[in-house]
Structures are given as C-alpha cells and as structure tokens.
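Engineer: after the sequence you'll find the predicted model.
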Amino acid sequence: MIWLTWRQFRAQAITATAAVVAFAILLVVTESRMSSLFAASGITGCHGGTCAGAATRFLVNLSSGQTFPLLPNGANAYVILYFLSVLIILAAPAIIGIFWGAPLIARELENGTNRLAWNQSITRTRWLAVKLTLIGLTAMAVTEALSLLQGWWAAPIGQAVGLGGSASIMSEGRFGIFIFPTHGITPLGYAAFGFALGVTVGLLIRRSIPAMATTLAIFAVVQFAVPLWVRPHLIPASQTIATLAAAEATVTPAGGSGIAVIASVIPGHPGAWITSSSAVNTAGQPVTGPAACESAIPRNINPGGTISWARCLASHGVRVAASYQPGSHYWPLQLAETGLFLALALALAWYCFWRLNRRLT
Amino acid sequence: MTAVIETEGLGKRYHKLWALTDCSLSIPAGHVVGLVGPNGAGKTTLMNLATGMLAPTAGRIEVLGERPAAGPGQLAQVGYLAQDAPVYAGLSVADHLRLGAHLNPGWDSELGRRRIGQLDLDPGQKAGKLSGGQRAQLALTIALGKRPELLILDEPVASLDPLARREFLQNLMEIVGERQVSVVLSSHLISDLERVCDYMIVLVDSRVRLAGTVDELLATHHLLSGPRRDPASLPDGVQVISASHTDVQSTLLVRTSGPVLDPAWTASEVGLEDLMLAYMKQASGRGQHHRHLEVQK
C-alpha cells in the first residue's frame, strides 16, 4: 500500500519539493543583504532607549533603496518578499487541501478505480489509513518547512519589530493575524486540517473539481473566522484598565456622546495582543462622553481635534479597559490553536473511515 | 455442494428506490455461472453487494462463508472485475502488475508476466491508452493474479467488439480449465453466456426466476406444438412458461420433469436463449408485448 500511495502521489511530491526548493533559494539569496543591514544598524549591543531607534533605522533601510531585478521600479523588494513569503505559508494548507486532499478519494470515485483498489487483499480502512498518514504527514512537514525557512529569513525583522521598530507595513508582531498562523507550530495544525478537510469534502461530493472549490471556500471561511472569533478566546484574556495616555489610545467619537477607543499598548506588557478595548470611568464602568467635553468633540476627525477632546476626556477620568493576551500567552495560544486544528483533522479523518466502511458504493 | 454466494432476503435501496429486493439465492461452487437479466434487474447491485462495495439495506449475504470484504483474508479469495474494467489511466501496465503484487500476499507474479506476454501488452504503456479489450484483459489479470477461489465478472465483455469479446471469453475458459476457480459472470447478452456457462441464473426485477445447470434446464423444458387448445388441459406437473396461439395452432414452452406423452402435442427441444427469454418475458409481465407478437404470427 505504501508503494501505491507513493506511486499515485509521486507527481505531487515532486511539485512540492520543487516549490520548497525554489522558496528556499529565493530566501537564501536575499538573506545576505538583510543580515549585513542588520549588523550595520547597531541593534546588536544597543541599550535601552537607543534600541527602538536602531530597529527603526534597520527597517527603514531594508524597505528602501535597492530594488531587485524583475520587480517593478521603485517597488520595495523586501517588503514584497516579506509579505509574499508569509502569504505562501498562509496559502499552503489551502493548496494542499485542494490539490492533495480533495482528489484523494473523489478522483477514485469519479474514475471508478476505487472498485479496483478496494478489491485487492487489503481493507478499505488500511487503504485510507496509509494514504492519510503518509500524505498528511508530508503536508505538515512541507508547510512547517516553509514556515521555518521564512522564520529564519525574517528573524532580523521580527527582532527589530520586537524592539519597537516600525517602518512601512513590516511592523506586525508575532500575534499579527498573518504572522501568528504562519509561525511557530500552527502551520502543522493548519496543514493537517486543510488536508483532512479536502479529503472529507471529496468523499462527500465525489467529484474532484467541485470538491476542490468547496474545500477552498470552507478553508477561507475558517481562516477568516479563527483570528476574529476563536483565537482571542482560546485562552482567557487578561484585563486591565489604563489611562488613555499610558495605553497610547486612539479616541474617536462614536455617535452622540459615545466614545470609540483603541488601546495600542498595554503598560508593562510590550508586544501584548490587544483583543478589545472600551472606554470606562475610574470605577471601571462603561462611560459615554461627559457633557463638559462636548464642546471639544471634533466635528471632523482631525488629529488636533481628537487630541484636545481626548485630553478633556482624560481629565474627566475616562480610562481605557482592554482585554489582551500578554506575550507569555504566545506559546499556550500556539499550542491551543494547533491542538484545535489537529483535533478537527482527526475528527474529519475518523468520519472518512466511518463513511468509507458504512455508506459507500 | 457448497455455495460460493448465498443470499437471503437481500435488498438494497438507494434513497427511495429499491435496486434489489428480497433476493434469495445460492450459487454452487465449481461452476461457470451466468447471471442474466434485463437492464435494471439488479445484476450490478448484486455483484457490488457480493464484493462488499455496497452494504445491504436488508437481508444478508455470504460469500465463501463470510461477509463480503470482511477482512484481508476474505478479500484475497474473491477476484472482482467491475463493470467497465476500471484501471488507473496514469499508471503503466507494469505498474498495475506491481500494484497487484504489493496489495496481494498470494500474488502470482508468474501468471501476471505470462498473461501480459500472451496478450501482447507493452508493459510500459499507460493503461489509459489501452483499447477496451486490452483494458479488460489487464483488469482480469489483476483479478486472477491474487489466486482467487471465486471470480466475479460484471459485464466483462459489454464494451468489447465481437472479436475481442470472443477472445476474452476463450481466454477466460482456458483459465477456468487450468485452475480450480468458480466464476460468476453477468451479461445481458445471453449468446455470450451460452458459450461459456454451465449454470444459469435468470434475475428479473431482483427476483431469481430460474436457476440450474444448463443440462438440467434443457432436459426439463420442452416446446410443444399442436392444434389450438387451452393450456389448462395439460396434465399436472407440467408448468406452462409461455404460450402463443394462432387460429388453429398453439405453441407452448413447458417445464416438466417427465416426458410429455399426449400424442396431440409434438414436442421439440428448446434453445437456451429462447428458454431464458421466455422466463424474462413472463416475469416482467409483458402481456401487451405478448399479444402483439401473437397478431404478427
């Protein structure tokens, strides 16, 4: 069965290997300039306050200047590379689900070859177990390999962002909606889930092309929904109340005397992931804008206007209450999200075994 | 006589439609069994149930004394050539033999090689590029290579031209001759089965209408012709399968264990094909059709 799995999977395996190698070459070639800029920036050996400046300098240098051949003039090679590489890791589980998962059973059913495969001296359960295990593990390995490569390449950027540096759009921390699911161990979970999802959808729809489209649609919805509604609650968030200034909060009017507030830092927890913020009074109860500040409400949102309004609010005791995941929650969150997707993948696989034995032609 | 396939009240329903209902039969070992029936009689459904490709909705089925596809041991004993002879289009002929060798512990690699040589197949050729006849032969090779006790063939020659059809069946007979293998073979073309089968089962509307060895069937059926009269006047023990009348003459197909002695009737032998057609016609209750034929005479 291992031979047959390999024989049927050979073409996809070669394509995947070629893709990983191309990805690696691209990153290895472009890494040297990044490390020399990093060395020149003075981040190594910086102390306290000088660090953020050095980090920003590094990021600015990296995202300006030299363009690479084949890229449009003036386009920034490293910004493009950075996002492209992240997007590839983000898309890999979906691609695996579509091209490896969905046709795995659907193509057999479509061509009737399941009647050949399932009438050899081997049970359907074993047939599926070998396929799911070998291809599923390959899917996880490929995605994690891409992630590790990108992580190695982007380490200087991550370090600079961690030190408070920011430039252009390369300032997403490790909790960022693109960064979190593409680094650490989460790619393992996403890959396993994408593959199992494709296999299950293929088994249910029984035709490859519609199964591929459906897999993509479901995976996209999951990838969109998880950071919004699931990830913030995987581990109970911490709560804090801080002054508007300490939280570096942005304050905007929200209809009538409502206050929309967004904290951007949690005092004492640099790099924390702020999942929600709201305006409260000193006692911690939700507040609306005090009447005394109404004259200061900016008519149109201009920075000067909001600042004077924010000052007035602060002087009347308006604070920001924020829910956040501190940096120490990074690995527990990674573990929880990966575990969630691995559990989903196993549940889908279990369903496939059940259906293959009970309900199938 | 042990049974290779035994069913009792077997039924299969797809959504609301029953493809097979209340099917009870016992197919004895050591025969080449022809399974005949009009399209939609449930032949393929029965074969899919016998190979475990489908699970029954009602009743039970045992193949070689076990539930179909119960485990690797049971699977190893049954060779199945599914309808349209499925093969992997992207895999070569040699790959298919390798597939057989890897997935069947009892694989007969000698047979595989010999057959590919005899059939003049190029081992490197992709199976998707084979002709219908070659594909059927390749699929049969895989089904045989596992050294089954029972070979189930679902319409193996349906898509073949007359020459390939004859070759395939001849080849099958040689194999049956050299190995102890029971065969169940379905077709809606009786003439194909007539040539190779020594046991016939007529399946109509999922019911077994007729089953027995060819010799026995031919010995117990007679075509009677004589002056027109009521078939009811025949003696007990003579069962009328079909009757047609002209103004002056009656022609009856009857089943009886003894000879027909009434001198008013002229008895003659009946061909296997006519015999089975009569059962199919009777079972499907084609009264309209019947009268129409009568007028034409």
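Structural biologist: Here it is on my side, so go on. Numbers count the residues shown, from 1 in each chain, chains lettered A, B, ... in the order given.
Engineer: which residues of chain A lie near chain B?
Structural biologist: A:1, A:3-4, A:7-8, A:111-124, A:126, A:358-361 (CB under 8 Å from any CB of the partner chain). Just so you know, the C-beta spots here come from the backbone N, C-alpha and C atoms, and that holds for glycine as well.
Engineer: show me just the buried residues among those.
Structural biologist: The neighbour-count test (16 or more other CB atoms under 10 Å in any protein chain shown) applied to the residues of chain A next to chain B identifies A:1, A:4, A:7-8, A:111, A:113-124, A:360 as buried.
Engineer: okay, now the unreliable bits of chain A?
Structural biologist: Along chain A, segments meeting pLDDT under 70 span A:65-75, A:167-171, A:299-305, A:359-361.
Engineer: break it down into its domains, please.
Structural biologist: A:2-235+A:331-358, A:238-327 (automatic domain parsing).
Engineer: and these as JSON lines, adding distance to B:S206?
Structural biologist: Putting those into JSON lines (distance: least, CB to CB, whole Å) gives the following:
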{"stretch": "domain A:2-235+A:331-358", "distance to B:S206": "21"}
{"stretch": "domain A:238-327", "distance to B:S206": "62"}
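Engineer: about what we covered before: out of the buried ones among the residues of chain A next to chain B, which sit inside helices?
Structural biologist: The helices, defined by DSSP state H, take in A:L4, A:R7, A:Q8, A:N111, A:N114, A:R115, A:L116, A:A117, A:R124 from these.
Engineer: contact partners for the closest residue to B:R165 other than its chain neighbours?
Structural biologist: Distance criterion CB to CB, 6 or more residues apart in numbering or on different chains; nearest residue to B:R165, sequence neighbours excluded, is B:V157 at 4.3 Å. B:V157 makes contact with B:A136, B:A164, B:R165, B:F168, B:L169, B:S187, B:L189, B:D192, according to CB atoms under 8 Å, 6 or more residues apart in numbering or on different chains.
Engineer: quick one: buried ones out of those?
Structural biologist: By neighbour count, with 16+ other CB under 10 Å, the contacts of B:V157 hold B:A136, B:A164, B:R165, B:F168, B:L169, B:S187, B:D192 as buried.
Engineer: grab the nearest non-local neighbour of the fifth one.
Structural biologist: What it means is B:L169. B:V196 (5.2 Å).
Engineer: then A:P181?
Structural biologist: Using CB to CB, 6+ apart, the closest residue to A:P181 is A:Y190 (6.1 Å).
Engineer: is it true that the one you found touches A:H183?
Structural biologist: No: using CB atoms under 8 Å, A:Y190 is not in contact with A:H183, being 11.4 Å away.
Engineer: who's more crowded, these two?
Structural biologist: Shown here are A:Y190 and A:H183; by other CB atoms under 10 Å in any protein chain shown, A:Y190 has more neighbours (32 against 21).
Engineer: the more buried one belongs to a strand?
Structural biologist: No: counting by DSSP: H, G, I helix; E, B strand; the rest coil, A:Y190 falls outside a strand, being helix.
Engineer: chain B versus that one, what's the distance?
Structural biologist: 29 Å (CB to the nearest CB, to the nearest Å).
Engineer: now for residue 85: which residues touch it?
Structural biologist: Defaulting to chain A. Listed by CB under 8 Å, 6+ apart, the contact partners of A:S85 are A:F23, A:L26, A:L27, A:Q150, A:W153, A:A154.
Engineer: nope, chain B
Structural biologist: B:G132, B:R135, B:A136, B:L138, B:A139, B:L140, B:P156, B:S159 are the contacts of B:A85 under CB under 8 Å, 6+ apart.
Engineer: phi, psi of it?
Structural biologist: Dihedral angles of B:A85 (phi, psi; degrees, to the nearest 10) stand at phi 40, psi 70.
Engineer: let's verify the residue nearest to it when sequence neighbours are not counted: helix, strand, or coil?
Structural biologist: Leaving out its chain neighbours, the residue that sits closest to B:A85 by CB to CB, 6+ apart is B:A139, at 3.9 Å. With three-state DSSP as the basis, B:A139 sits in helix.
Engineer: what kind of secondary structure is residue 247 in?
Structural biologist: Using chain A. Put simply, A:A247 is coil when judged by three-state DSSP.
Engineer: I was after chain B.
Structural biologist: Here B:D247 is coil, with the state taken from three-state DSSP.
Engineer: tell me the contacts of it?
Structural biologist: By CB under 8 Å, 6+ apart, the neighbours of B:D247 are B:R228.
Engineer: picking up where we left off before, out of the contacts of A:S85, which is nearest to chain B?
Structural biologist: A:F23 (27.1 Å; CB to the nearest CB).
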